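A.B. asks: model this:
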Amino acid sequence: MKRSGLIFVLLLAIFCCYSADGPLFTPTPTRGVKKVVIDAGHGGHDPGAVGKKYKESQIALAIALKLGILIRENFPDVEVVYTRRNDTFVELYNRAKIANTAKADLFISIHCNASKTTTASGTETWVMGLHKSQANLEVARLENATILMEDDYENQYDGFDPNSPEANIIFSLFQNIFLDQSLQLAANVQNQFEKRLGRVNRGVKQAGFLVLYKTTMPGILIESGFISNAEEETYLGSENGQTLIASALYRAFRDYKNTIEGSTAGTIDNPVLVPEIKDTVTTVNRPPDPHYATPKDTNAAADEICFRVQFATSSAKKPVNSPEFKNLQEVRYYLQGGIYKYTCGNLNTLEDAVKLQHEVQQQGYKDAFVVAFHNEQRITPAEAVLLLKNSKK
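C.D. replies: Next up, the predicted model:
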């Protein structure tokens, strides 16, 4: 089978198939954020990146425990689950299993970065996604190499080779369903690091991290600083630095939770009202375009289930007939959490939507992914597939 065909088949399987423990994916929680899993990277005989004074595993654990305390103190209704509470080794697949078994609403993995360049500095937050550059792939390989320390890793990860670009790309597809929420939390984290702590912002990035693989909820991996940088290592290893980082992560979590739930609970500084905003959709129809002509028999009516391709987001509203969207058909936007999210296409099969996704990515929107709507309300592709199946019974 051609590589592109394999990826396409796996994508379809991701939305539709079930594992021995139940569905690979569950619909986005409507109850809000009631349970969070905090994952301290590495541990035990896997120290992670090693600096002159500290180990990544030590720093990650200290920050994770402090974050958990802050969440418990300010949100008594939120259950905090740790993948480890001490210096023990936990396999990457077991970290995901812990989160899935707990039916968590959020997964936060804490790490430290390292570089051959000792002047490299700053923070970055990652979500599961397609590798956008060779540098991204190298970071994923570094973290994924942990599986080589596990027994029987070939069987546990379905033959996954951490040095294979193709395997990383395939597994990155598993998190597309939760990409929106993960990106929102990741942006919160980077904003807190930059605006409140004055840290160098290296951005929100995407790569195929195995620790996020098969977690059935939104998840992020945080690189809290460079242990290879002497100044940052001192900061990361200090009690004050760890407390400040944990506080920033708490505020990012708080803002994410409040946005999802339309609340202002748990504020430890000046409260900011986060109103509950109902999603709205606006659309424009364009004349046929040679880049993508939607067949009439695949158009979905407004009161039916449809699949679209989300290709851009913006904090400020852009007109749907903007020149920058000229090669895209049936451009729409919907408002969610105060963010304008732009889609194109309006298709009634997941297969057609995936084809359109590939075409949109070829036009330069590399992070484009499939979303679904029912009666113009955003739902997950998994929910759409189930609704379509039930309607045919």
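
A.B. asks: all helices of the stretch 1-150 of the chain, in order?
C.D. replies: With helices called from DSSP state H, counting those that start in this stretch, the stretch 1-150 of the chain shows them at 3-16, 56-74, 92-101, 134-144.

A.B. asks: Go through stretch 322-333 and flag the buried ones.
C.D. replies: Residues of stretch 322-333 classed as buried by neighbour count (16 or more other Cβ atoms under 10 Å): 325, 327-333. All C-beta spots, glycine's among them, are computed from the backbone N, C-alpha and C.

A.B. asks: Okay, now the unreliable bits of the stretch 201-350 of the chain?
C.D. replies: Along the stretch 201-350 of the chain, the model assigns pLDDT under 70 to residues 213-214, 263-303, 337.

A.B. asks: Which residue ranges of it form helices?
C.D. replies: All helices of the stretch 201-350 of the chain, identified by DSSP H, counting those that start in this stretch, fall at 230-237, 239-261, 350-362.

A.B. asks: for the shortest one, which positions count as buried?
C.D. replies: Along helix 230-237, these residues count as buried under the neighbour rule (16+ other Cβ under 10 Å): 232-233, 235-237.

A.B. asks: So for Ala64, which of the helices of the stretch 201-350 of the chain sits nearest?
C.D. replies: helix 239-261 (8.2 Å; Cβ to Cβ).

A.B. asks: and Leu350, how far is that from Leu387?
C.D. replies: Counting by Cβ to Cβ, to the nearest Å, the separation of Leu350 from Leu387 is 12 Å.

A.B. asks: now the strands for the stretch 151-300 of the chain?
C.D. replies: Counting by DSSP state E, counting those that start in this stretch, one finds strands in the stretch 151-300 of the chain at the ranges 201-207, 219-226, 281-284.

A.B. asks: do you know which of these lies nearest Ile59?
C.D. replies: The nearest among those, by Cβ to Cβ, is strand 219-226 at 7.4 Å.

A.B. asks: which helices and strands does the closest one pack with?
C.D. replies: Other elements packing on strand 219-226 under the criterion 3 or more Cβ pairs under 8 Å, 6 or more residues apart in numbering; DSSP states H and E are helix 56-74, strand 106-113, strand 123-128, helix 179-195, helix 230-237, helix 239-261.

A.B. asks: wait, which of these is closest to Ile305?
C.D. replies: Per Cβ to Cβ, nearest to Ile305 of the helices and strands packed on strand 219-226: helix 179-195, 18.2 Å.

A.B. asks: Would you mind pulling up the elements that that closest one packs against?
C.D. replies: strand 123-128, strand 201-207, strand 219-226, helix 239-261.

A.B. asks: For that helix, the averaged confidence score.
C.D. replies: Average pLDDT, helix 179-195: 91.

A.B. asks: Can you list the buried residues in that helix?
C.D. replies: 179-194.

A.B. asks: which of those lies closest to Cys112?
C.D. replies: Closest approach to Cys112 among these (Cβ to Cβ): Phe193, at 13.4 Å.

A.B. asks: hang on, isn't the closest one packed against Ala248?
C.D. replies: Yes: at 5.6 Å, Phe193 counts as touching Ala248 under the criterion of Cβ atoms under 8 Å.

A.B. asks: In terms of pLDDT, where does Ser164 sit?
C.D. replies: Predicted confidence (pLDDT) for Ser164: 63.

A.B. asks: shift numbering so it begins at 6
C.D. replies: Yes, from this point I'll number from 6; that puts the last item at Ser169.

A.B. asks: where does the stretch 6-155 of the chain have low pLDDT?
C.D. replies: By pLDDT under 70, the weakly predicted segments of the stretch 6-155 of the chain are 6-36, 134-155.
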